[in-house]
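Asks: sharing a model prediction with you, sequence too.
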Amino acid sequence: MMFRRTHENAARIGRKTVLSLLSIVAVGIATPAAADMGMAVVPTRIIYPGEEISVSSLNTVEVTNPNLAGDYAQSVEEVSGMITNRTLLPGRTILVSALRVPYLVKRGTNVRITFGIGNMTISASGSPLQNGSVGDVIRVRNIDSGLSVSGTVMADGTVQVMAK
């Protein structure tokens, strides 16, 4: 019984000491860290996957959490016009990794397939087998021959076929 009381008293003293040290450390860390942490972009409403993000559904707030990871959007310009891959909740930071560029070429639509060597250019109609943004390599089926080829999505919406 005597050992138990001594152990409980030591535990109480230890907890009080640890708590007071933690509060001193927390005050010392929180004050300088919260001084200038930057800004973050947060949605003002729920934004669902596949939805284009508009400027009217965004708000810029000051970051006060020192434990916030650096992958979040810091300006409205880097988020507006992008498509989200996951549900974005109001007041929560937007991870840049959860965004993508809108697709320029959509699966099942008609596109122009081009192939060029030197001054010679061959073009045909095709049907993309995948969605793609500018610079993406996608598979496209030639409507005339039925063959599938790989090509790069160009800024004008055409798909440039690669030479084998």
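Replies: Nice, thanks for sending it over. Computed from a predicted model, the values in this text were never measured in an experiment.
Asks: what's the helix or strand for Thr114?
Replies: Element membership for Thr114, per DSSP states H and E: strand 111-117.
Asks: can you give me the buried ones in the helix or strand following that strand?
Replies: Counting by DSSP H and E, the next helix or strand C-terminal to strand 111-117 is strand 120-128. Buried positions in strand 120-128, judged by neighbour count with 16 or more other C-beta atoms under 10 Å: Ala124, Gly126, Pro128. From N, CA and C alone the C-beta is placed, and that goes for glycine too.
Asks: test my guess that the first one contacts Val111.
Replies: No - under the criterion of C-beta atoms under 8 Å, Ala124 is not in contact with Val111, lying 9.9 Å apart.
Asks: just to revisit the earlier point, who does the strand holding Thr114 touch, helix- and strand-wise?
Replies: Contacting strand 111-117 under the criterion 3 or more C-beta pairs under 8 Å, 6 or more residues apart in numbering; DSSP states H and E are the following elements: strand 120-128, strand 137-142, strand 159-161.
Asks: mind listing the strands for this protein?
Replies: 39-43, 58-62, 83-84, 99-100, 111-117, 120-128, 137-142, 148-153, 159-161 (DSSP state E).
Asks: out of those, which is the most enclosed?
Replies: Each of those was assessed for mean neighbour count using mean count of other C-beta atoms under 10 Å. The highest is strand 159-161, with a mean of 21.
Asks: that strand pairs with which strands, and in what direction?
Replies: Sheet partners assigned to strand 159-161 using DSSP bridges are listed as strand 111-117 (parallel), strand 148-153 (antiparallel).
Asks: between those, which one is closest to Val63.
Replies: Counting by C-beta to C-beta, Val63 lies closest to strand 148-153 out of the strands paired with strand 159-161; the figure is 35.8 Å.
Asks: other residues contacting the closest one?
Replies: Residues outside strand 148-153 that contact it (C-beta atoms under 8 Å, 6 or more residues apart in numbering) are 104-105, 113, 126, 129, 132-142, 159-162.
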